[in-house]
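[1] quick check, what structure comes out for this input:
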Amino acid sequence: MAKVYRRRWPGAGSPGLSRRDRAPCDYEAYLPDLLEGRSFLLDGTVAADVADAESAIARLNGEAASLLDTEALAMLLLRAESVASSWIEGLEVGGRRLLRAEAARALGQRSGDVIAEEVLGNIDAMTWAVESLAAADEVTVAGVLEAHRLLFRGTRLEDHGGRIREQQNWIGGSAYNPCTAAFVPPPPEFIESLLQDLCAFCNSDDLPAVNQAAIVHAQFETIHPFIDGNGRTGRALIHVILRRRNLAPRVLPPVSLVLATWSRAYVQGLTATRYRGVPSSSAARAGLNQWLGLFAAACGRSVEDALDFEDRVQKVQVRWRSQLGRVRAGSAAELLVERLPGAPVVTVRTAADLIDRSYQQTNEAIRRLEDAGILTRTTVGRRNRAFEARAILGAFNDLERQLASPQGNPRASPPSRRVPGRRPRSRRA
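    Alright, predicted model coming up:
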């Protein structure tokens, strides 16, 4: 039975705080029901929404095969997902900044862009979780901790990575005490058992994958097991479930881009799942259905925009081939046209690794693409010569703008959050 624990905050002794921030208070920490063995009853309309969402994700994974390099589309969408998941936590970075930092890191250098590098950590964590945790025999607490460790690797919070909190945390209100918090997660002594239960639920297959992913995410956010990085880790678990259940074996829908746009409804949906009492109560059922309906809608919306993005990328590649003229099949130039959507900012060295061709062959191909207006010269890291495919960067920015629009049309419905500006344009691309 879900309940609260009434606790006493002793107050802080620092003279630098106001009396209100230093004062002791009583607060309530929430303890959710365990997931294993619970029944989840869906309203008819929500069940239909979930079925539609599952069909949409399956369609994305089926239709994405038409892209010459499905891996390129998957990687771009994974970056977009990581950018949005980080944005929800207050880390704002555009795709262009992120890709430049990524190119610098591929050269073994730091970009100097602290926020971009922290978002790269989110990509690392999400990539590892999707590729390793989803493929493991079982989702384990150790695996979740490893994803969290990767999230903070090389950042100012590295010492907290992969470590379950030993202190009470809270959401909203004062930064110094939980007295006015909007929500206080479970006390630290319950975290280990709650995570064990969560992982056991991840390993089941009794529910549709979309339902399971939504419930896992909501429960993880309620547990809030870490000092920081709970949202990003919890959203990575969404994709672990979708991949693990084989609903999204190739391409992951950028759900976080939609949830970031529907931020108020997102918070309200998570809050609605935090009932008190028994899970069979009308309040518990209503809250569950509110959240599942929202999550299913976010999945559907993200798929439609992802497919639209794929179509844009294909049109860019068709235009590139027209600009290049005749190229030999299997040549370095042809391979770059295929692979650039997944790596729109490259150096000669990283491009050579990308297409598995020699440095000289790749350099000649890049020169040809640059002459055709497909690539534009820039720098990354410590003045390293690099090249960016601005048409892909523009499509990536347009995807963010489209998903940030409540109605999916930035012209009719302006973005509800900060997004990149209009696409940068090269001479012809």
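
[2] show me what contacts the closest residue to residue 346 other than its chain neighbours?
    Leaving aside its sequence neighbours, residue 346 sits nearest to residue 387 (Cβ to Cβ, 6 or more residues apart in numbering; 5.7 Å). All C-beta spots, glycine's among them, are computed from the backbone N, C-alpha and C. Going by Cβ atoms under 8 Å, 6 or more residues apart in numbering, residue 387 touches 345, 346, 347, 351, 366, 369, 370, 375, 376, 377, 378.

[3] export these to a markdown table and tack on secondary structure?
    Formatted as a markdown table, the contacts of residue 387 follow (DSSP: H, G, I helix; E, B strand; the rest coil):
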| residue | secondary structure |
| --- | --- |
| 345 | strand |
| 346 | strand |
| 347 | coil |
| 351 | helix |
| 366 | helix |
| 369 | helix |
| 370 | helix |
| 375 | coil |
| 376 | strand |
| 377 | strand |
| 378 | strand |
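
[4] now the element after the helix or strand hosting the residue nearest to residue 346, going C-ward?
    Secondary structure from DSSP states H and E places residue 387 in strand 384-388. Following strand 384-388 in sequence order, the next helix or strand is helix 390-404 (DSSP H and E).

[5] please enumerate the helices of the stretch 101-250 of the chain.
    114-128, 141-152, 191-202, 209-223, 230-244 (DSSP state H, counting those that start in this stretch).

[6] and residue 338, what pLDDT?
    Model confidence at residue 338, given as pLDDT, is 89.

[7] could you measure from it over to residue 329?
    11 Å (Cβ to Cβ, to the nearest Å).

[8] hmm, back to that, may I see the buried residues of the strand holding residue 387?
    384, 386, 387, 388 (16 or more other Cβ atoms under 10 Å).

[9] from those residues, pick the one nearest residue 34.
    residue 388 (49.2 Å; Cβ to Cβ).

[10] how about the nearest residue to that closest one, chain neighbours excluded?
    residue 345 (4.7 Å).

[11] surely that neighbour meets residue 378?
    Yes: if you go by Cβ atoms under 8 Å, residue 345 and residue 378 touch, sitting 7.5 Å apart.

[12] between these two, what contacts are shared?
    With Cβ under 8 Å, 6+ apart, residue 345 and residue 378 have common neighbours 100, 386, 387, 388.

[13] out of residue 345 and residue 378, which sits in the busier spot?
    A count of neighbours by other Cβ atoms under 10 Å puts residue 345 above the other of residue 345 and residue 378, at 27 against 15.

[14] what is the neighbour count of residue 89?
    Using other Cβ under 10 Å, residue 89 has 17 other residues around it.

[15] how much space between it and residue 305?
    22 Å.

[16] quick revisit: wait, what's in contact with the residue nearest to residue 388?
    Per Cβ under 8 Å, 6+ apart, neighbours of residue 345: 96, 99, 100, 102, 103, 378, 380, 386, 387, 388, 389, 393.

[17] check residue 256 too.
    If you count contacts by Cβ under 8 Å, 6+ apart, residue 256 has them with 81, 82, 84, 85, 88, 235.

[18] quick one: which of the residues you listed has the most company?
    residue 85 (29 neighbours).

[19] need the per-residue pLDDT for that residue.
    If you check residue 85, the pLDDT there is 73.

[20] now do the SS call for it.
    State at residue 85, reduced to three classes by three-state DSSP: helix.

[21] name the nearest residue to it, ignoring sequence neighbours.
    residue 256 (4.2 Å).

[22] quick check: mean pLDDT of the strand or helix carrying the one you found?
    Using DSSP H and E, residue 256 falls within helix 255-261. Averaging pLDDT along helix 255-261 yields 84.

[23] which parts of it are buried?
    Taking 16+ other Cβ under 10 Å as the criterion, helix 255-261 shows 255, 256, 257, 258, 259, 260, 261 as buried.

[24] which helix or strand in the protein has the lowest average pLDDT?
    The helix or strand of the chain with the lowest confidence, counting by mean pLDDT, DSSP states H and E, is helix 70-88 at a mean of 72.

[25] quick one: residue 370 from residue 237, how far?
    42 Å.

[26] and the two? Which one has more around it.
    residue 237 (26 against 15).

[27] just want the angle from the longest helix along the chain to helix 230-244.
    Counting by DSSP state H, the longest helix found in the chain is helix 282-324. Relative orientation of helix 282-324 versus helix 230-244 (axes from the mean of the first three to the mean of the last three Cα atoms, to 10 degrees): 80 degrees.

[28] how is the chain carved up into domains?
    Per automatic domain parsing, the domain ranges recorded for the chain read 36-305, 307-404.

[29] turn those into a markdown table, columns for distance to residue 21.
    Shown next, in a markdown table, are the domains of the chain (distance: least, Cβ to Cβ, whole Å):
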| stretch | distance to residue 21 |
| --- | --- |
| domain 36-305 | 4 |
| domain 307-404 | 35 |
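
[30] do you know which of the ones you listed lies nearest residue 25?
    Taking Cβ to Cβ, domain 36-305 is the member of the domains of the chain nearest to residue 25, at 3.8 Å.

[31] hmm, back to that, can you name every helix or strand that the helix or strand just after the helix holding residue 256 contacts?
    Sequence order places helix 263-272 as the next helix or strand after helix 255-261, per DSSP H and E. Where contact means 3 or more Cβ pairs under 8 Å, 6 or more residues apart in numbering; DSSP states H and E, helix 263-272 is packed against helix 209-223, helix 282-324.

[32] can you name the residues in contact with helix 263-272?
    Contact with helix 263-272 is made by 88, 183, 218, 221-222, 259-260, 286-288, 290-291, 294-295, 416-417, as judged by Cβ under 8 Å, 6+ apart.

[33] what's the neighbour count on the nearest residue to residue 182 once chain neighbours are set aside?
    Excluding its sequence neighbours, the residue lying closest to residue 182 (Cβ to Cβ, 6+ apart) is residue 172, at 3.2 Å. Using other Cβ under 10 Å as the criterion, residue 172 is surrounded by 11 other residues.
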